[in-house]
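# next input, structure requested:
(2 chains)
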There are 2 protein chains.
Amino acid sequence: MTAHNERAVVLVSGGLDSATVLAMATGQGYQCYALSIDYGQRHRLELDRARQVARTGGAVDHRVIKIDLAAFGGSALTDQAIEVPTTESNDIPITYVPARNTVFLSIALGWAEVLQARAIFIGANAVDYSGYPDCRPEYIEAFQQLANLATKAGIEGDVITVQAPLINMTKAEIISTGVRLGVDFGLTISCYNPEANGRVCGVCDSCRIRAAGFSDAGIEDPAIVS
Amino acid sequence: MTAHNERAVVLVSGGLDSATVLAMATGQGYQCYALSIDYGQRHRLELDRARQVARTGGAVDHRVIKIDLAAFGGSALTDQAIEVPTTESNDIPITYVPARNTVFLSIALGWAEVLQARAIFIGANAVDYSGYPDCRPEYIEAFQQLANLATKAGIEGDVITVQAPLINMTKAEIISTGVRLGVDFGLTISCYNPEANGRVCGVCDSCRIRAAGFSDAGIEDPAIVS
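Numbers count the residues shown, from 1 in each chain, chains lettered A, B, ... in the order given. Model prediction:
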């Protein structure tokens, strides 16, 4: 399976999902352009980790684009006044950032157009998606449709694909896939509320999903310093 | 025709199209939240004008969100190394900013979600659209479909509309409509390449389309100081 050195824009967050996606895209032969969005998230560790993931993951370039989504408020991930919850809920959680994946994919689409890349990769996942509406397969399909109407590429008859290869994988499957592809999960961070030194809280949704994933995969999490 | 004080996010650029759209949305009874995007455009006059348009146009709030699309290059509107053309062409012009409307609408969608606004207004126009793919009706429809899959509102059964009321209007019709609704076009700026004092070049695509529009409408452009 090779992509003949075609270019792809890969959204890289510093978390384990997008690190795995980068390894998958690189493994398929894409020249990967890693893109991270600085959207006013509470902790900046994510972006440092994204840089390390991009570098070690074989990306040919990495850009960080800043956009101040925090200016709108409304999410515990960007709004300092809202506490990160530590208990499970069936509702869409307060850590949901409004329209986040739509904003991220739009920016990726802009770069893809400049690069003449025909593929955009995102680590969206419907299984462990915590109820985020923009992590569902029908959402990804709708964005792909939009992308082809929105761009010169589409007008000129080329096809842009939006690829979410993790969409139906469990966290354990993602971790096993990443390990097989040589991803260094020790560089990744999932916690919504880490300390400045990188120590994770262990109790937020994201920490709990990550811990369960490593446990189910029968793999020790290299990011946890014992 | 009243929207019963529903909230709407209205993209306001400082140009005459979006000033007209704001007047239309306000006229329909929407509580309008004006949104401007600082995307690294060559001239900052646009944003000053956007602020004035929002204030005089009855918006209840106005936000400017900064995103550095210039970091990708590829457009004469953001890339200082590319000259703004002064001759007509049938191709998609170099002033096209990659994925601009997709990025703008995505950000508007994020704010709409926080505000629980159910309408987004954009001044996209297919007649004088200079070949931009993201100004076509089918593009707007695709974004509306995406918006309803992307958001809590959509999941909860509400409907978000993306309204582009100028989409099939000529520039002359837009100008006549704006004048009828009391828009002060003297505040708006259309030039791709104005001087720092606001004097327009008169020869770029946008200046020529504006001049022809006022001429066809039989109205004098109040922004032109004689």
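# near A:Arg180, how many other residues are there?
Neighbourhood size, A:Arg180 [other C-beta atoms under 10 Å in any protein chain shown]: 11. Every residue, glycine included, has its C-beta placed from N, CA and C.
# with the one 5 residues further on instead?
Each residue near A:Phe185 was counted by other C-beta under 10 Å, and the total is 22.
# do A:Cys191 as well
23.
# state the distance from it to chain B.
Counting by C-beta to the nearest C-beta, to the nearest Å, the separation of A:Cys191 from chain B is 23 Å.
# helices along chain A, start to end?
A:16-27, A:45-56, A:100-115, A:137-150, A:152-155, A:171-180, A:205-217 (DSSP state H).
# lowest average pLDDT across those helices?
Sorting these by mean pLDDT places helix A:152-155 lowest, at a mean of 74.
# save the helices of chain A as a markdown table, and put in distance to B:Thr20 too.
Listed next are the helices of chain A as a markdown table, based on distance: least, C-beta to C-beta, whole Å:
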| stretch | distance to B:Thr20 |
| --- | --- |
| helix A:16-27 | 41 |
| helix A:45-56 | 40 |
| helix A:100-115 | 25 |
| helix A:137-150 | 23 |
| helix A:152-155 | 27 |
| helix A:171-180 | 49 |
| helix A:205-217 | 45 |
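# so which of these gets nearest chain B?
helix A:100-115 (3.7 Å; C-beta to the nearest C-beta).
# can the closest one be said to contact chain B?
Yes: against chain B, helix A:100-115 shows contacts by C-beta under 8 Å from any C-beta of the partner chain at A:Arg100, A:Asn101, A:Thr102, A:Val103, A:Leu105, A:Ser106, A:Ile107, A:Leu109, A:Gly110, A:Trp111, A:Glu113, A:Val114.
# coming back round to it: what's the closest of the helices of chain A to B:Arg49?
B:Arg49 lies closest to helix A:100-115 among these, at 23.9 Å (C-beta to C-beta).
# that closest one to helix B:137-150, inter-axis angle?
140 degrees (axes from the mean of the first three to the mean of the last three C-alpha atoms, to 10 degrees).
# output the strand ranked longest in chain A as CSV, restricted to C-alpha atoms.
For chain A, the strand with the greatest residue count under DSSP state E is strand A:31-38. C-alpha atoms of strand A:31-38 as CSV (Å, rounded to 0.1, in the frame of the first residue of the first chain):
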residue,chain,number,x,y,z
GLN,A,31,4.7,12.8,2.6
CYS,A,32,3.1,14.1,5.8
TYR,A,33,2.7,17.7,6.7
ALA,A,34,1.8,17.8,10.3
LEU,A,35,-0.5,20.5,11.5
SER,A,36,-1.3,21.5,15.1
ILE,A,37,-3.7,24.1,16.2
ASP,A,38,-3.0,26.4,19.1
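# touching chain B at all, it?
No: no part of strand A:31-38 sits near chain B under the criterion C-beta under 8 Å from any C-beta; the closest distance found is 9.3 Å.
# now do the same contact list for the nearest residue to A:Asp61 once chain neighbours are set aside.
For A:Asp61, ignoring the flanking residues on the chain, the nearest one in space by C-beta to C-beta, 6 or more residues apart in numbering or on different chains is A:Tyr33 at 4.9 Å. Residues counted as contacts of A:Tyr33 (C-beta atoms under 8 Å, 6 or more residues apart in numbering or on different chains) are A:Arg7, A:Ala8, A:Val9, A:Val10, A:Ala59, A:Val60, A:Asp61, A:His62, A:Arg63, A:Trp111, A:Leu115, A:Ala117.
# out of these, who's nearest A:Ala70?
Distances from A:Ala70 to the contacts of A:Tyr33, taken by C-beta to C-beta, are shortest for A:Arg63, at 20.0 Å.
# do I have it right that the closest one meets A:Trp111?
Yes: with contact defined as C-beta atoms under 8 Å, A:Arg63 reaches A:Trp111; the gap is 7.0 Å.
# quick one: neighbours of A:Thr161, just the number.
12.
# surely it meets A:Ile120?
Yes: here A:Thr161 lies in contact with A:Ile120, judged by C-beta under 8 Å, at a distance of 7.3 Å.
# any shared contact partners between these two?
With contacts taken as C-beta under 8 Å, 6+ apart, A:Thr161 and A:Ile120 have no neighbour in common.
# once you drop chain neighbours, what's closest to A:Asp68?
Per C-beta to C-beta, 6+ apart, closest to A:Asp68 is A:Gly40, 5.2 Å.
# and for chain A, the residue most distant from the center?
A:Glu156 (29.2 Å; C-alpha atoms, centre = their mean).
# residues in contact with the residue nearest to A:Asp68?
Contacts of A:Gly40 (C-beta under 8 Å, 6+ apart): A:Ile67, A:Asp68, A:Leu69, A:Ala70, A:Ala71, A:Thr78.
# just name the closest of those to chain B, please.
A:Ile67 (4.2 Å).
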